[in-house]
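Colleague: pasted the sequence and its predicted model underneath.
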Amino acid sequence: MSVNISAQTVKDLREKTGAGMMDCKKALADNNGDIEKALESLRQKGLATANKKSGRTATEGIIESYIHTGGKIGVMLELNCETDFVARRSEFQNLAKDIAMQIAASSDVEYISTNDIPNDIVEKEKKIEAGREDLANKPEAIRNKIVQGRIEKRLKEISLMDQFYIKNQDITIEELVKQNIALLGENIKIKRFTRFILGEGTVKEEKNFADEIKQILNK
């Protein structure tokens, strides 16, 4: 017996996954209208598609900028795809905007993925965690396991791809990119990004208010 699937349910699934309308409708039909099962099915499909395309060269794309309200935080991002045709599509451009906004909102993020984090940074974090007082009296095997778990958590905190998407906390940025790979049919790569924070790196001169008043009166 066929299940009656409403247009609103299809629309809700599309907003959650970024998949095409027909793909959403088929996923719902295949899963008897269960939106959670359909969502999981589309995620698996997107992951499989993305993995197949991940080795393909992506040199087209756009450079996107985002300035946060108030003008104190800015981001520049290079997002690559395979063809200029996809680079001009609204879905790809919206993805670039959303990722740039995510970077602005993620103050701890410094790298695209955990694979990009230099070994010296990893070793430094290991040394910090291994030296914490709460581990001092634990057996070595347990201590090493705890340190490894903390390190993995810390590296994910500074990795963009491991951040939960601010517009949909059910998925990470990595999953968001893979969904768009499945949607657009091309490999998509976050090439690089830079975050600008107003006044960052500038040493602010501290002045004593009383001394300033004295200087004014002595002029």
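Modeller: It's in.
Colleague: against Q44, how distant is the residue nearest to F164 when sequence neighbours are not counted?
Modeller: Nearest non-adjacent residue to F164, counting by Cβ to Cβ, 6 or more residues apart in numbering: T172, 5.8 Å away. Heads up, the C-betas are built off the backbone N, CA and C, glycines and all. Here the criterion is Cβ to Cβ, to the nearest Å. By it, T172 lies 15 Å from Q44.
Colleague: when those two are compared, which one has more neighbours?
Modeller: T172 (18 against 10; other Cβ atoms under 10 Å).
Colleague: what pLDDT does that one get?
Modeller: Listed pLDDT for T172 reads 93.
Colleague: what's it sitting at in phi/psi?
Modeller: The phi/psi pair for T172 (degrees, to the nearest 10) reads phi -90, psi 170.
Colleague: surely it meets Y165?
Modeller: Yes - counting by Cβ atoms under 8 Å, T172 does reach Y165; the two are 6.5 Å apart.
Colleague: hang on, isn't R14 packed against K26?
Modeller: No - the criterion here is Cβ under 8 Å, and R14 misses it with K26 at 12.0 Å.
Colleague: poorly predicted segments of the protein, please.
Modeller: Applying pLDDT under 70 to the chain flags residues 1-2, 17-20, 46-52, 54-55, 201-219.
Colleague: how is it carved up into domains?
Modeller: Using automatic domain parsing, the domain parsing of the chain gives 1-53, 58-117+158-197.
Colleague: dump those to a markdown table, plus distance to A136.
Modeller: What follows is the domains of the chain, written out as a markdown table (distance: least, Cβ to Cβ, whole Å):
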| stretch | distance to A136 |
| --- | --- |
| domain 1-53 | 42 |
| domain 58-117+158-197 | 26 |
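Colleague: nearest to R143, of the ones you listed?
Modeller: R143 sits nearest to domain 58-117+158-197 of all these, at 22.1 Å, using Cβ to Cβ.
Colleague: which of the residues in stretch 112-132 are buried?
Modeller: I112, T114, I117, E125, K126, E129 (16 or more other Cβ atoms under 10 Å).
Colleague: sort out for me which of those residues are in helices.
Modeller: Among those, the members falling in helices (DSSP state H) are E125, K126, E129.
Colleague: which one of these sits closest to N180?
Modeller: Nearest to N180 among those, counting by Cβ to Cβ, is E125 at 31.1 Å.
Colleague: separation between that closest one and I158?
Modeller: On the measure of Cβ to Cβ, E125 and I158 end up 9 Å apart.
Colleague: checking the spatially closest residue to K191 that is not a sequence neighbour next. Helix, strand or coil?
Modeller: The spatial neighbour of K191 that comes closest, neighbours along the chain excluded (Cβ to Cβ, 6+ apart), is E78 at 4.1 Å. Counting by DSSP: H, G, I helix; E, B strand; the rest coil, the backbone at E78 sits in strand.
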